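Chemist: Turn this into a model:
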Amino acid sequence: MALLGASPAFAQEQTALPPAPAEEVVSSDPRGDFVIVGAALAVLPDYEGSNDYGFTPAPGAIGQVSGYRFLLAGNRLSVDLIRDGFGPTWDIQAGPIGVVNLNRTSRDAIDEPQVALLDERGTAIELGGYVGIGKTGVITSDYDRFSATISYRHDVSGVHSSGIWAPTVSYTTPLSTKALVGLFASAEIVERGYGRTYFSVTPAEAARSGLPVFTAGGGFKNWTLGMAATRSLTGDLTGGLQLVGGVVYRRLGGDFGDSPVTQLGSRDQWLGALGLAYSF
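Modeler: Numbers count the residues shown, from 1 in each chain. Got it, this is the predicted structure:
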């Protein structure tokens, strides 16, 4: 299910739109209603730029009602308001996105002692939308799928009061009626408020933590590569219990890699998840 590709979405803030769910590539009726629900145990960095990791539960759901698709992946919700076509075809994607950004909202969740002395951040509510194009029936069969999207969301809660652009490409293919694999690549470009909030160190924070004063700007924040897989334990991909898992690598760049909070950790970020889902 989409929980796989979205495993990093319930990390501190976000990730790319995930690969398509199993039903998107195996359903005989792309406008038929379906629902997949599940939960995973995810391993995530303590904060963006950390090299300390912890475990957290991550819920997920994906479904289609009257041809309109929705996705809940941890702290991220999106809806595709344009119905897909039937069979191997091109389709346009567009709809709203909402993300709850939990990056550095609790000192207790941060193992690095100097970063834990920095000010806590509030919970940011990021709202926006995405547009894209997809093609079903690309390489391996009539059911594999390629998708390219770009999304934008803006913090409406006043925490970082800035926006995030995220271009994404993904590819999914069924290996059989019981197995599916997906790959995706994405990047994030953020506005100045984001860098100032999560990667800068103010003079007061520097005096308290011993870190140098640092002012981060906006721009290219990271690129990401990910892989996900689904294996049916009962039934097949269109119904029954499924084992789901995924792994994601993220590389921070620019001011975001140079920030003292990242220098105490790592530019290289790994995220993973393993769980169960049920489709019906």
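Chemist: low-scoring stretches of the stretch 1-150 of the chain, by residue?
Modeler: The stretch 1-150 of the chain contains residues with pLDDT under 70 at 1-32, 85-87.
Chemist: which residues in it form helices?
Modeler: Here the stretch 1-150 of the chain has its helices, by DSSP state H, counting those that start in this stretch, at 22-26, 113-116.
Chemist: where exactly do the strands run in the protein?
Modeler: Secondary structure of the chain, counting by DSSP state E: strands at 34-45, 53-65, 68-73, 76-80, 90-101, 124-136, 145-155, 163-174, 179-190, 219-232, 240-252, 268-279.
Chemist: quick one: strands adjacent to the longest one?
Modeler: Yep, that's strand 219-232 we're talking about. Sheet pairing here is set by DSSP bridges, and for strand 219-232 it gives strand 179-190 (antiparallel), strand 240-252 (antiparallel).
Chemist: Next: the second one.
Modeler: Sheet pairing here is set by DSSP bridges, and for strand 53-65 it gives strand 34-45 (antiparallel), strand 68-73 (antiparallel).
Chemist: Tell me which residues touch residue 117, please.
Modeler: Residues counted as contacts of residue 117 (Cβ atoms under 8 Å, 6 or more residues apart in numbering) are 107, 205, 208, 209. In short, each C-beta sits where N, CA and C put it, glycine included.
Chemist: Give me the buried entries from those.
Modeler: 205, 209 (16 or more other Cβ atoms under 10 Å).
Chemist: Can you flag which of the contacts of residue 117 belong to helices?
Modeler: Counting by DSSP state H, the part of these found in helices is 205, 208, 209.
Chemist: wouldn't residue 174 be in contact with residue 180 here?
Modeler: Yes. In this structure, residue 174 is within contact of residue 180 by Cβ atoms under 8 Å, at 5.0 Å.
Chemist: neighbour-wise, which of these two wins?
Modeler: residue 180 (30 against 20; other Cβ atoms under 10 Å).
Chemist: roughly how far apart are that one and residue 247?
Modeler: Separation of residue 180 from residue 247 (Cβ to Cβ, to the nearest Å): 15 Å.
Chemist: same question, residue 96
Modeler: Distance of residue 96 to residue 247, given as Cβ to Cβ: 28 Å.
Chemist: Between the two, point out the one with more neighbours.
Modeler: Neighbour tally, residue 96 and residue 247, criterion other Cβ under 10 Å: the higher count belongs to residue 247, 18 against 15.
Chemist: Now for the nearest residue to that one once chain neighbours are set aside: which residues touch it?
Modeler: Of all residues not flanking residue 247 in the chain, residue 272 sits nearest, at 4.7 Å (Cβ to Cβ, 6 or more residues apart in numbering). Counting by Cβ under 8 Å, 6+ apart, residue 272 touches 7, 42, 43, 245, 246, 247, 248.
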